[in-house]
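>>> Structure for this input, please:
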Amino acid sequence: MQRSNKNHKHLFIMKKLITYIGKVMVLSILIMGLGCENFLQEEPKSFIGPSTFFQTPADAEAAVIAGYDELGAFNPGTFGWWRAWTFEILNDDWDTRPEVAANNSRNLGRYITFDPDAPLLASVYDSWIHGMNTFSTAIDGINEMEDFDGKQALIAEAKFLRAYHYFVLVRLFGPVPIIDQALGAEEARNLPRAGSEEEVYELIISDLDAGVQDLPEQAVAPGRATRWAAMGLLAKVHLTLENWSEAAQLAQSVIQNSPHQLLEEYTQIFSEDNENNSESIFEIQMEVGNERSNQVGQWPRGIGANGDQDYFLGPNWGGVYIATQDLLDDFESGDERRALIDTMVTRNDGTEIIFNADGATPWYSLKRVPSAYIEGREANNNSGYNFIYLRLGEIYLIAAEAENEVNGPGNAYQYINPVRERAGLSPLSGLTQQEFRQAVRKERRTELFDERKRLFDLYRWGTVIERVNEARPDAQIQSHHTLWPIPTNALDNNPQLTQNPGY
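Below you'll find the model as predicted:
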């Protein structure tokens with residue numbers, strides 16, 4: 001599928017990897033062998049030392065760019081491919097359609113097979129641990145080089161990527177092994193878990209502090225980390241830790257000082273012709289032919305070139321998750337964001353196409369459905385749609401939530417109301433602190449749905465069990481499910497690992 005804006009978009013990852021392909025291939029061997037399974041399971045290999053690879057500034061940049069490859073569509077850093085539904089079917093916003101057969105996702109979403117042998121859960125852990133050595137190898141290697149222009153910025157960029165990954169890992173699995181230096185396979189296979197989640201968060205905060213200090217304010221190329229991305233992610237970290245003052249200050253600084261702006265129209269945030277827009281702070285770059293799409297989990301069934309057989313993996317794949325009534329009921333009357341969840345689409349010629357899945361017309365998210373698919377030209381799941389991980393709309397809501405916790409709602413309205421007004425809703429006023437707390441939680445749900453935020457919000461609020469049971473009463477979620485299990489294959493290959501309680 002060709003997309004007009006791609007002709008103007010600098011796909012920095014592939015261009016740089018082509019430039020430095022030979023050295024990056026060597027670096028890949030240096031870091032991880034032949035892949036994540038090899039890194040965790042195969043016999044130890046001999047590794048080229050970092051001092052051999054890191055000779056020039058070009059080598060340093062190649063090493064950092066290699067880290068972005070961890071955000072490819074098959075890796076969980078994009079929250080795409082099957083990871084899209086792994087994260088969404090575990091919360092209260094979405095349910096799996098009745099006849100879905102994708103990786104036993106229906107039972108997983110009901111917490112029936114939420115165990116150490118679940119392939120979807122294992123793939124998340126394995127891939128992210130594998131990526132940590134990529135970042136730490138780059139950091140160590142660049143640190144040992146003589147000074148050159150941009151050296152500290154490249155180190156900070158690799159640290160940003162490491163913090164990004166660890167921030168997801170620690171919230172899912174708890175105190176995971178800390179890989180803060182380049183390791184060989186033997187060392188990595190015998191690394192114990194951190195003593196506490198606090199140890200992991202200390203590394204995350206330290207890495208992001210470096211990003212705030214040393215990253216450029218303008219991206220070197222689309223998708224590259226900036227000071228504002230580091231500051232925004234650090235605000236999210238402090239929000240999770242309930243460090244309210246720090247979260248508020250960081251979020252407010254991004255709002256007041258960064259070049260990012262709220263777009264006037266909500267739908268334009270996700271337009272395929274408006275990627276890397278002014279609201280987007282950190283956006284993962286995708287490209288047809290170079291990376292697989294991250295859309296297979298949410299493209300509605302029944303509207304592609306082959307109708308209800310649109311998915312190349314078979315009739316019971318694709319269109320995995322559909323909106324729960326619980327989510328739909330949370331939208332206020334007149335909320336324009338609600339239009340991005342529907343049972344139909346209208347093509348350019350005016351034809352209305354009704355979704356068809358399992359003989360029903362479910363409510364699907366339309367945030368990232370390519371026009372070629374809607375128009376019936378694309379039956380496969382290839383797409384160059386980028387994935388927006390962090391945008392200014394969320395930063396406004398971080399500022400609102402944190403400010404309310406510190407000082408009450410008085411100065412917090414200025415952050416929640418612009419988000420509401422863009423959605424066509426009236427501004428809030430006159431709320432108590434508790435009422436505002438509930439209002440901002442609702443606002444995060446209706447503003448950020450289908451953006452891989454909800455499950456993490458429910459974890460940090462301590463409401464995931466209550467909410468899942470309310471939205472999907474047949475779910476079998478239990479208290480120990482608030483931490484994911486360490487995969488069996490990881491335990492088998494690393495005798496130093498221990499399992500989370502309850503598994």
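
>>> Lowest-scoring secondary structure element of the protein by mean pLDDT?
helix 36-41 (a mean of 38; mean pLDDT, DSSP states H and E).

>>> Show me the shaky parts of the stretch 1-150 of the chain.
Scanning the stretch 1-150 of the chain for pLDDT under 70 picks out 1-51, 72-85, 101-103.

>>> ok, and the closest non-adjacent residue to Gln152?
Asp214 (4.4 Å; CB to CB, 6 or more residues apart in numbering). C-betas here are computed from N, CA, C, even on glycine.

>>> do Thr113 as well
Asn107 (4.4 Å).

>>> can you tell me the helix or strand for that neighbour?
Counting by DSSP states H and E, the element that carries Asn107 is helix 105-109.

>>> mind listing what's buried in that helix?
105-106, 108-109 (16 or more other CB atoms under 10 Å).

>>> what about the helices in the stretch 201-350 of the chain?
Here the stretch 201-350 of the chain has its helices, by DSSP state H, counting those that start in this stretch, at 227-240, 244-257, 325-329.

>>> what is the rounded mean pLDDT of the shortest one?
Mean per-residue pLDDT for helix 325-329: 98.

>>> Contacts only, for the residue lying closest to Asn143 once chain neighbours are set aside.
Among residues not flanking Asn143 along the chain, Ile155 sits closest, at 6.4 Å (CB to CB, 6+ apart). Ile155 makes contact with 139, 142-143, 210, 214, according to CB atoms under 8 Å, 6 or more residues apart in numbering.

>>> what's the spacing between Ile155 and Tyr68?
Taking CB to CB, to the nearest Å as the measure, Ile155 falls 15 Å from Tyr68.

>>> Ramachandran coordinates for Glu242?
Taking degrees, to the nearest 10, you get phi 60, psi 30 for the backbone angles of Glu242.

>>> In this structure it contacts Glu405, no?
Yes. Contact status for Glu242 versus Glu405: in contact at 7.5 Å, counting by CB atoms under 8 Å.

>>> So for the two, which sits in the more crowded spot?
Glu405 (20 against 11; other CB atoms under 10 Å).

>>> what about Glu447, neighbour count?
Glu447: 23 neighbours (other CB under 10 Å).

>>> For the stretch 51-200 of the chain, which segments count as helices?
Listed in chain order, the helices of the stretch 51-200 of the chain (DSSP H, counting those that start in this stretch) span 57-68, 82-88, 105-109, 119-143, 151-173, 185-188, 197-214.

>>> The ones you listed into JSON lines, with extra columns for distance to Trp363?
Shown next, in JSON lines, are these (distance: least, CB to CB, whole Å):
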{"stretch": "helix 57-68", "distance to Trp363": "34"}
{"stretch": "helix 82-88", "distance to Trp363": "13"}
{"stretch": "helix 105-109", "distance to Trp363": "16"}
{"stretch": "helix 119-143", "distance to Trp363": "23"}
{"stretch": "helix 151-173", "distance to Trp363": "27"}
{"stretch": "helix 185-188", "distance to Trp363": "43"}
{"stretch": "helix 197-214", "distance to Trp363": "36"}
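
>>> Tell me which of these lies nearest to Phe355.
helix 82-88 (16.5 Å; CB to CB).

>>> Pretty sure Arg454 sits against Leu448.
Yes. Because the distance of 7.2 Å satisfies CB under 8 Å, Arg454 is recorded as touching Leu448.

>>> Am I right that Tyr389 is in a helix?
No. With DSSP: H, G, I helix; E, B strand; the rest coil as the criterion, Tyr389 is located in strand rather than a helix.

>>> list the contacts for the nearest residue to it once chain neighbours are set aside?
Distances taken as CB to CB, 6+ apart place Phe282 nearest to Tyr389, at 4.9 Å, with adjacent residues excluded. Under the criterion of CB under 8 Å, 6+ apart, the contact list for Phe282 reads 225-226, 229, 232-233, 388-390.

>>> Mind doing that once more with 7 Å?
Contacts for Phe282 (CB atoms under 7 Å, 6 or more residues apart in numbering) come out as 225, 229, 389-390.

>>> same question, Val440
Applying CB under 7 Å, 6+ apart, the residues near Val440 are 397, 400-401, 404, 416.

>>> Ala251 too?
235, 395, 398-399, 402.

>>> Excluding chain neighbours, what is closest to it?
That would be Ala399: by CB to CB, 6+ apart, it lies 3.8 Å from Ala251.

>>> And for Ile178?
Per CB to CB, 6+ apart, closest to Ile178 is Ala194, 5.0 Å.

>>> okay, the contacts of Ala251 in JSON lines with secondary structure, distance to Ile204 and neighbour count next?
Shown next, in JSON lines, are those (DSSP: H, G, I helix; E, B strand; the rest coil; distance: CB to CB, whole Å; neighbours: other CB atoms under 10 Å):
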{"residue": "Ala235", "secondary structure": "helix", "distance to Ile204": "12", "neighbour count": "27"}
{"residue": "Ile395", "secondary structure": "helix", "distance to Ile204": "18", "neighbour count": "27"}
{"residue": "Ile398", "secondary structure": "helix", "distance to Ile204": "16", "neighbour count": "25"}
{"residue": "Ala399", "secondary structure": "helix", "distance to Ile204": "20", "neighbour count": "28"}
{"residue": "Ala402", "secondary structure": "helix", "distance to Ile204": "18", "neighbour count": "27"}
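
>>> so which two of these are the farthest from each other?
Using CB to CB for every pair in those, the one that comes out farthest apart is Ile395 and Ala402, at 10.6 Å.

>>> How far does stretch 107-123 stretch from one end to the other?
With CA to CA, to the nearest Å as the measure, stretch 107-123 spans 17 Å from end to end.

>>> oh sorry, the question was meant for stretch 370-387
For stretch 370-387, the first-to-last residue distance is 13 Å (CA to CA).

>>> Stretch 466-474: which residues count as buried?
467-468, 471-472.
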